[in-house]
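>>> Structure, please.
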Amino acid sequence: MATKQEFTESTRYALTVRESDGKQRPVNVYVFRLHDEFMVARNTAGDGLLRKLPYEAVERIVSTVSVPADERLAVPDALLQAAFWKDRDICQAYGSAPARGK
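Residues are numbered from 1 along each chain as shown. Reported below is the predicted structural model:
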């Protein structure tokens with residue numbers, strides 16, 4: 001199992017995650033915010049949803065890619081707060097930046 005100290009904000013990771021049914025599956029995520037018990041990350045392959053990902057669900061970190069400052073993703077800060085994630089595991093949020101168009 002992984003710990004908070006193994007992760008960094010604004011970084012892409014390829015992970016092996018254990019699902020609630022016990023099966024392992026690969027996921028590619030972009031980590032927005034680290035909290036004490038979980039991280040807020042966007043699934044970069046597939047649905048693109050924001051997810052609350054508990055550290056104990058991460059079995060293995062396969063690869064880590066630092067994201068340059070000009071390529072970092074942004075979502076409203078309110079969606080990254082721990083209180084927002086108290087009662088949810090998934091959130092659909094769209095982001096855009098003036099420099100990248102809509």
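>>> Okay, now the unreliable bits of this structure?
Low-confidence segments of the chain (pLDDT under 70): 93-102.
>>> Just give me the longest strand of it.
The single longest strand within the chain, with elements called by DSSP state E, is strand 24-34.
>>> Restricting to C-alpha, output that strand in PDB.
What follows is strand 24-34, C-alpha atoms only, in PDB (Å, rounded to 0.1, in the frame of the first residue of the first chain):
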ATOM      1  CA  GLN A  24      -6.400  -5.200  -9.300                       C
ATOM      2  CA  ARG A  25      -6.600  -2.800 -12.300                       C
ATOM      3  CA  PRO A  26      -4.300  -0.300 -13.900                       C
ATOM      4  CA  VAL A  27      -5.200   3.400 -13.800                       C
ATOM      5  CA  ASN A  28      -3.500   6.500 -15.100                       C
ATOM      6  CA  VAL A  29      -4.200   9.600 -13.000                       C
ATOM      7  CA  TYR A  30      -3.200  13.300 -12.700                       C
ATOM      8  CA  VAL A  31      -3.000  14.200  -9.000                       C
ATOM      9  CA  PHE A  32      -4.500  17.600  -8.100                       C
ATOM     10  CA  ARG A  33      -4.500  17.600  -4.300                       C
ATOM     11  CA  LEU A  34      -3.200  15.500  -1.500                       C
END
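>>> I'd guessed residue 65 sits against residue 11; true?
Yes: Residue 65 lies in contact with residue 11 (Cβ atoms under 8 Å); the separation is 6.8 Å. Using the backbone N, CA and C atoms, a C-beta is placed for each residue, glycine as well.
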